[in-house]
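Asker: just coords:
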């Protein structure tokens, strides 16, 4: 999740940067953000390279070119190496915000031509010398053509560009996953089967053959992806208990992780007191490295992005097994990558499928139908487990969402507002997170906004990484002192948020921030300008444990997107890295 709010900057550095911006005809209001992005010598960098303005995502190439001409005059040429480097980084950052980890060389070359660069190949080769940019050259994957006795000519390499930190993380992730796939079995198949059956007997269960086979696979293989949709909630809970039994019987230890604090809390509620306890990935990584567990299980694994997955995989000790539970029909992670999908596509990991529960509830049944490309006009839910709420406009959608949170859902389910999460797919406007949060604060916890517009008692969303927390975590602001803000996360853990820009209002959160999270009840809002898709609605429908209201201000476009937009594709290199080993 990109954090657009800068931390506090030294006054003298900001003042010097304002002066530099004035010289190039740029708004002085950008000064603090540029000092935060470039450092205290931002003014010197801008004078030497005015295209450094593109370090801010709000600045466009055209605006940067205007400022460069104002400062440099005729010396500001389209093929200026400084301009090309800045454009490449700008385009790579934009691609990463869209979820891609790499951009093909040809695609980047075309984009640069569209921005007026004339000598693209020479410019790109020069840009690749910038430490912010990673250029990777790889031979195409081998085909199946038989050789006719002559040595074939080597094909031209395929080239990709990536942001250096992201490209490096993807490379490390590939290597770590390959390492884990080579782990020795925790136990043999017969012992694993006996262990699962014994654990099932203690629970008074009769496990489905598919569930037993999946857990045996996890005991045998170093990396296993366990696929299951919304109708497999019961099977998932059983699988986690059986995984704990395998870890205990083999004495390797278990680490059960969820991507976010709300997800960990929901998992612990589902497992009750007799199951393993989940923690967030961020909490696991904050405690120790490597992890002291031979079986590492991650629920809602599609919510983890490339960098988070790379850190987790690196923390897994030698010979550990990694078990990933995932619904492949949900949205990919908010950050770049699609690790679970790439693992499945690479065929280097074991893949198993959980069986559907015998009698899924109305919400689970609707989410399953959405996954098949169908959104019915109505839902048969006698217990109000899921409700479709049509709205004529974003303003009406916002009104209905607030009504649901303040009255209808609490009255029907005996919940308070703190247990109900608004999740909005609207990018802004009356039904966007900013407007909804302002309305919720006025309703639930009005105050002076002493901490970046927030007060103790406010629900908050964390938008950065720190000790024990990660983007997408939600909780309550408890106080603020010299060390930072004290936040109680949804799983009951307490963290200190030293970076004030990591705090956001959290009564209403963007859909991307809700990935991997779950709350007792959720109210999902869709508008016509939302990024509508089948995975988006399926993801929203699975955010509430007891109830989900879908407020639809998109009209028939939502059903059309469920029918016609089956996936959100991303460009990554991980499949190739895994296959090459």
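Answerer: Thanks, I have it. What you see is a predicted model, and the numbers here were worked out from it, not measured in a lab. Numbers count the residues shown, from 1 in each chain.

Asker: just the terminal-to-terminal distance for stretch 321-339.
Answerer: 16 Å (C-alpha to C-alpha, to the nearest Å).

Asker: quick one, phi psi at residue 85?
Answerer: The phi and psi values for residue 85, taken as degrees, to the nearest 10, are phi -60, psi -50.

Asker: hmm, residue 128 and it touching each other?
Answerer: No. The criterion here is C-beta atoms under 8 Å, and residue 85 misses it with residue 128 at 9.2 Å. Every C-beta, even on glycine, is put in place using the N, C-alpha and C of the backbone.

Asker: more neighbours: which of those two?
Answerer: Neighbours were tallied for residue 85 and for residue 128 using other C-beta atoms under 10 Å; the higher tally belongs to residue 85 (23 against 17).

Asker: gap between that one and residue 161?
Answerer: 12 Å (C-beta to C-beta, to the nearest Å).

Asker: now do the shared contacts for those two.
Answerer: Residues touching both residue 85 and residue 161 (C-beta atoms under 8 Å, 6 or more residues apart in numbering) are residue 133.

Asker: what helices and strands are in contact with the helix or strand where residue 395 lies?
Answerer: If you go by DSSP states H and E, residue 395 is part of helix 394-403. Judged by 3 or more C-beta pairs under 8 Å, 6 or more residues apart in numbering; DSSP states H and E, the packing partners of helix 394-403 are helix 433-444, strand 519-527, strand 544-553.

Asker: okay, buried residues for stretch 424-442 please.
Answerer: Within stretch 424-442, the residues scored as buried using 16 or more other C-beta atoms under 10 Å are 424-426, 429-433, 435-437, 439-441.

Asker: now it: mean pLDDT?
Answerer: The pLDDT scores in stretch 424-442 average 97.

Asker: span of that stretch from start to end?
Answerer: 18 Å.

Asker: what sits up against that stretch?
Answerer: 393-395, 397-398, 401-402, 405, 422, 447, 458-459, 505-511, 524-527, 529-532, 536, 540, 551, 553.

Asker: and stretch 357-367, by the same measure?
Answerer: So stretch 357-367 is contacted by 229-235, 368, 376, 379-383, 385-386, 538, 541-542, 544, 547-548 (C-beta under 8 Å, 6+ apart).

Asker: quick check on these: which are buried?
Answerer: Using 16+ other C-beta under 10 Å, the buried ones in the contacts of stretch 357-367 are 229-235, 368, 379, 381, 385-386, 538, 541-542, 544, 547-548.

Asker: in which helix or strand does residue 423 reside?
Answerer: Residue-wise, residue 423 maps onto strand 420-424 under DSSP H and E.

Asker: list the strands paired with that strand, with their directions.
Answerer: Applying DSSP bridges, strand 420-424 is found paired with strand 508-510 (parallel), strand 519-527 (parallel).

Asker: got a list of contacts for the shortest one?
Answerer: For strand 508-510, the external contacting residues (C-beta under 8 Å, 6+ apart) are 401, 421-425, 433, 436-437, 440, 461, 474, 525.

Asker: identify the residue spatially nearest to residue 100, adjacent ones excluded.
Answerer: Leaving out its chain neighbours, the residue that sits closest to residue 100 by C-beta to C-beta, 6 or more residues apart in numbering is residue 571, at 4.3 Å.

Asker: helix/strand/coil for the one you found?
Answerer: Three-state assignment for residue 571 (DSSP: H, G, I helix; E, B strand; the rest coil): coil.

Asker: neighbours of it, how many?
Answerer: 16.

Asker: again with the one 4 residues further on
Answerer: Under the neighbour criterion other C-beta under 10 Å, residue 575 is assigned a count of 19.

Asker: wait, it touches residue 346, no?
Answerer: Yes. Counting by C-beta under 8 Å, residue 346 is a contact partner of residue 575 at 4.7 Å.

Asker: show me the shaky parts of the stretch 101-250 of the chain.
Answerer: The stretch 101-250 of the chain contains residues with pLDDT under 70 at 141-152, 154.

Asker: how about the strands in it?
Answerer: Assigned by DSSP state E, counting those that start in this stretch, the stretch 101-250 of the chain shows strands spanning 103-104, 133-138, 158-163, 223-227.

Asker: select, out of those strands, the one closest to residue 25.
Answerer: Proximity to residue 25, assessed across these by C-beta to C-beta, is greatest for strand 133-138 (27.7 Å).

Asker: tell me the strands beside the closest one, with direction?
Answerer: Counting by DSSP bridges, strand 133-138 is paired with strand 158-163 (antiparallel).

Asker: hmm, who's touching the partner strand?
Answerer: For strand 158-163, contacts defined as C-beta under 8 Å, 6+ apart pick out 88-89, 92-93, 96, 101-105, 108, 124, 128, 132-140, 170, 573.

Asker: if you set the cut-off to 10 Å instead, what comes out?
Answerer: Here strand 158-163 makes contact (C-beta atoms under 10 Å, 6 or more residues apart in numbering) with 88-89, 91-93, 95-96, 100-109, 124, 127-128, 132-141, 167-171, 336, 571-573, 576.

Asker: need the buried ones from the residues you listed selected in ChimeraX.
Answerer: Selecting only the buried entries of the contacts of strand 158-163 in ChimeraX, with 16+ other C-beta under 10 Å as the criterion:
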select :88,89,91,92,93,95,96,100,101,102,103,105,107,108,109,124,127,128,133,134,135,136,167,169,170,171,336,571,572,573,576
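
Asker: how much space between residue 383 and residue 122?
Answerer: Taken as C-beta to C-beta, the span from residue 383 to residue 122 is 66 Å.

Asker: if you could redo that for residue 509, that was the one I meant.
Answerer: Distance of residue 509 to residue 122, given as C-beta to C-beta: 45 Å.

Asker: kindly report the same for residue 394.
Answerer: Between residue 394 and residue 122 the computed distance is 48 Å (C-beta to C-beta).

Asker: how many residues are close by residue 414?
Answerer: The burial count for residue 414: 10, using other C-beta under 10 Å.

Asker: quick one on the thing from earlier: so residue 509 and residue 122 - more neighbours on which side?
Answerer: Each of residue 509 and residue 122 has its neighbours counted (other C-beta under 10 Å); residue 509 has more, 26 against 13.

Asker: okay, and the beta partners of that one?
Answerer: residue 423.

Asker: re the thing from before, of all pairs in the buried residues of stretch 424-442, which one is the farthest apart?
Answerer: Longest span within the buried residues of stretch 424-442, C-beta to C-beta: 425 and 441, 20.9 Å.

Asker: follow-up on the earlier one: reformat the contacts of strand 508-510 as a markdown table; add distance to residue 305.
Answerer: As requested, the contacts of strand 508-510 are exported to a markdown table (distance: C-beta to C-beta, whole Å):
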| residue | distance to residue 305 |
| --- | --- |
| 401 | 28 |
| 421 | 21 |
| 422 | 23 |
| 423 | 19 |
| 424 | 21 |
| 425 | 19 |
| 433 | 20 |
| 436 | 25 |
| 437 | 24 |
| 440 | 28 |
| 461 | 17 |
| 474 | 18 |
| 525 | 24 |
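
Asker: any idea which of these is closest to residue 245?
Answerer: Minimum distance to residue 245 across these is 31.5 Å, recorded for residue 474 (C-beta to C-beta).

Asker: surely that closest one and residue 490 touch.
Answerer: Yes. If you go by C-beta atoms under 10 Å, residue 474 and residue 490 touch, sitting 5.3 Å apart.

Asker: what do the two both touch?
Answerer: 260-263, 265, 421, 459, 506, 517, 519.

Asker: TSV for those residues, including pLDDT and neighbour count?
Answerer: Formatted as TSV, the shared contacts of residue 474 and residue 490 follow (pLDDT from 0 to 100; neighbours: other C-beta atoms under 10 Å):
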residue	pLDDT	neighbour count
260	97	30
261	98	30
262	98	26
263	97	29
265	97	25
421	98	27
459	97	25
506	98	26
517	97	28
519	98	26
